[in-house]
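Novice: show me the folded form of this:
(one chain, ligands or ions: 1)
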Amino acid sequence: RTDPDSAIPDNVTLAQLREAAARCRACPLWRPATQTVFGEGPARARIMLIGEQPGDQEDRSGRPFVGPAGQLLDRALAEAGVARQAVYLTNAVKHFKFERRGKRRLHARANAAEQAACRRWLDAELRRLRPRQIVCLGAMAAQAVFGRAFRLLRERGAWRELPDGAMAFATVHPAYLLRLRDPAEREAAYAAFVRDLRLLRHA
Ligand code: URA
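Specialist: Numbers count the residues shown, from 1 in each chain. Below is the predicted model:
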């Protein structure tokens, strides 16, 4: 059992963090979920991408960004010239939250208490990896990194320096692109997303 108030020591490996997060009981989301979906990628990655929370397929596979949003992200990263294998991918919240509708499990947004409870794992990943560049995908990730006052529409695509010297910006979440129905609107929003990701190459 993880004590909700316990600090996570600095001198642990990513594998040890993952192992500890697998047993986290700091909020109730662990119970209905299949498993903790911890971050994934090289321990020496210079770039970290932070999503919101795992979806249905991530919950089943235990890996971040493997479902439809992840596939769109892969495509966008490739178009932006960023290799997914060189990036550490994680989420602000590490359990799938859902409501049951018959056989289906519908995505539900983690609340403020659940986001706060999961914060220790993101902080530990940031301390362990010390990425030089961070991209927040969506408002939940952006507010975890920049604070609750952050407004995505106003500040997307703008680099900011964090206290440890890392550079970070926020952009939209790929799942938002998947929800756009109008093809022209979706195409334009996707192009803007790829443009934002290209910032990683020109920093
Ligand atoms: N959306 C996210 O924010 N994270 C995932 O891992 C999958 C979908």
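Novice: is the strand or helix carrying Ala192 in proximity to the ligand?
Specialist: Taking DSSP states H and E as the definition, one finds Ala192 inside helix 183-198. No. With C-beta under 6 Å from any ligand atom as the criterion, the ligand is not reached by helix 183-198; the gap is at least 13.7 Å. For glycine as for every other residue, the C-beta is placed from the backbone atoms N, C-alpha and C.
Novice: show me how far that helix is from its chain's centre.
Specialist: 19 Å (C-alpha atoms, centre = their mean, to the nearest Å).
Novice: same deal with stretch 155-175?
Specialist: 12 Å.
Novice: which parts of the chain sit against the ligand?
Specialist: Residues of the chain lying near the ligand (C-beta under 6 Å from any ligand atom): 51-55, 58, 64-65, 67, 69-70, 91, 175.
Novice: residue contacts, the residue nearest the centre of the chain?
Specialist: The geometric centre of the chain, computed from its C-alpha atoms, lies nearest to Gly51 (C-alpha atoms, centre = their mean), at 2.0 Å. By C-beta atoms under 8 Å, 6 or more residues apart in numbering, the contact set of Gly51 is Pro64, Phe65, Ala69, Leu89, Thr90, Asn91, Ala92, Leu137, Gly138, Ala141, His173.
Novice: circling back to that earlier point, any buried residues in the helix holding Ala192, and which?
Specialist: Tyr190, Phe193, Val194, Asp196, Leu197, Arg198 (16 or more other C-beta atoms under 10 Å).
Novice: ok, so of those residues, who is nearest the ligand?
Specialist: Phe193 (13.7 Å; C-beta to the nearest ligand atom).
Novice: wait, doesn't that closest one sit right on Leu177?
Specialist: Yes. With contact defined as C-beta atoms under 8 Å, Phe193 and Leu177 form a contacting pair (6.3 Å).
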